[in-house]
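Participant: got a structure for you, letters missing:
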């Protein structure tokens, strides 16, 4: 008998590829792409990999045009998916107390995957440019 977490991962995931078409798949590939498929989520992951740890204002300052509500949603989603972790710096009640974010072990494991997607994208762009002439 499957426990709750195992049932969650065994359930069919569904996403729309067009207005009237939906794809159902239990593939871990689709699960992973759903987690990081949003370019803003991926950008936050890469930024935290580069900075190691950053507070909300620092993260927000790296993204022109992103408002704080969008970033809050992204950070909550990434935290719920165990990709990032909130860490407190200083003791509560102290003047220097604040919250920062860092990648978890799971989040750090995504970096080589994102790097490989980056390499593939660069190669594909070159290939497409060559064949379009």
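Facilitator: Structure received. The structure presented is a predicted model; accordingly, all values stated were derived computationally and were not measured. Residues are numbered from 1 along each chain as shown.
Participant: how is this protein divided into domains?
Facilitator: For the chain, automatic domain parsing gives the domain ranges 1-36, 38-131.
Participant: mean pLDDT lowest where, among those domains?
Facilitator: Between those, the one with the least mean pLDDT is domain 1-36; it has a mean of 60.
Participant: hey, which of the domains of the chain is tucked in deepest?
Facilitator: Most buried of the domains of the chain, by mean neighbour count (mean count of other C-beta atoms under 10 Å): domain 38-131, with a mean of 13. In this view, the C-beta of every residue, glycine as well, is placed from N, C-alpha and C.
Participant: endpoints of that one, how far apart?
Facilitator: Start-to-end span of domain 38-131 (C-alpha to C-alpha, to the nearest Å) is 28 Å.
Participant: ditto for stretch 54-71
Facilitator: 13 Å.
Participant: what lies in contact with it?
Facilitator: Outside stretch 54-71, the residues within contact range by C-beta atoms under 8 Å, 6 or more residues apart in numbering are 40, 43-44, 47-48, 51, 75, 89, 98-102.
Participant: please repeat the previous calculation with a cut-off of 10 Å.
Facilitator: With contact meaning C-beta atoms under 10 Å, 6 or more residues apart in numbering, stretch 54-71 is reached by 40, 43-44, 47-48, 50-51, 72, 74-75, 86-87, 89, 98-102.
Participant: show me what contacts the closest residue in space to residue 36 that isn't next to it in sequence?
Facilitator: Nearest residue to residue 36, sequence neighbours excluded (C-beta to C-beta, 6 or more residues apart in numbering): residue 42, at 5.2 Å. Taking C-beta under 10 Å, 6+ apart, we find residue 42 in contact with 35, 36, 110, 114, 117, 118.
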